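> could you work out the structure for the sequence below:
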Amino acid sequence: MTAPNVVSVGTITGKTDVSAAVGTSATAVVQNAAASGNVYKVNLLTCSNITAGAVTVTVDLYRASTAYTVAKDISIPVGASLDVLNKAIYLEEADSLRVTCGTASGLDVVASYEIIAE
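Predicted coordinates for the structure are as follows:
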């Protein structure tokens, strides 16, 4: 697994991805492909409750078949949103950032990130 030297960058491409109606299965909202030669800098991850009741959200960094918890069972009230990240995190090759909701089809998720390549 290699990652570009972030001091000597060739390109930085800004991206925003959305995942609608995320439910009870872990959903990869940002994925860096294996052997991509890139590192992804995730700047924003917002989860919005789209149900008529409170929901919970769990976020993990999935690496080498292991899920590392970023946020666990955080309650989001009706009509509210949660900014999960207070600082940027980096995804290396084959990493993904996944979101799981405690309620079926309970969350809309927006992720803003940069693809950094040499």
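
> where do the strands sit along the chain?
Taking DSSP state E as the criterion, the chain carries its strands at 11-22, 27-31, 38-49, 55-63, 66-76, 81-83, 89-91, 96-101, 107-117.

> so which elements touch the last one?
Helices and strands touching strand 107-117, by 3 or more CB pairs under 8 Å, 6 or more residues apart in numbering; DSSP states H and E, are strand 11-22, strand 27-31, strand 38-49, strand 96-101. No exception for glycine: its C-beta is placed from N, CA and C like everyone else's.

> looking at the ones you listed, which is buried most?
strand 96-101 (a mean of 22; mean count of other CB atoms under 10 Å).

> partners of it, with directions?
strand 27-31 (antiparallel), strand 55-63 (antiparallel) (DSSP bridges).

> angles on the backbone of Val9, please.
phi -100, psi 140 (degrees, to the nearest 10).

> for burial, what's the neighbour tally of it?
13 (other CB atoms under 10 Å).

> grab the nearest non-local neighbour of it.
Ile116 (5.6 Å; CB to CB, 6 or more residues apart in numbering).

> distance-wise, check that neighbour relative to Ala28.
Counting by CB to CB, to the nearest Å, the separation of Ile116 from Ala28 is 19 Å.

> quick one: contacts for the residue most central in space within the chain?
Central residue of the chain (CA atoms, centre = their mean): Leu97, 3.8 Å from the mean position. Contacts for Leu97 were tallied using CB atoms under 8 Å, 6 or more residues apart in numbering; they are 28-31, 42, 45, 59-62, 70, 89, 91, 111.

> can you check the pLDDT for it?
pLDDT recorded at Leu97 is 98.

> please name the bridge partners of Lys15.
Going by DSSP bridges, Lys15 forms beta bridges with Tyr113.

> what number of residues lie near Val57?
Neighbour tally, Val57, other CB under 10 Å: 25.

> which residue sits closest to it, ignoring its sequence neighbours?
Cys47 (4.9 Å).

> so the one you found sits against Thr56, correct?
No. Look at Cys47 against Thr56 with CB atoms under 8 Å: they stay out of range, at 10.1 Å.

> which neighbours do these two share?
Common neighbours of Cys47 and Thr56 (CB under 8 Å, 6+ apart) are Ile76, Cys101.
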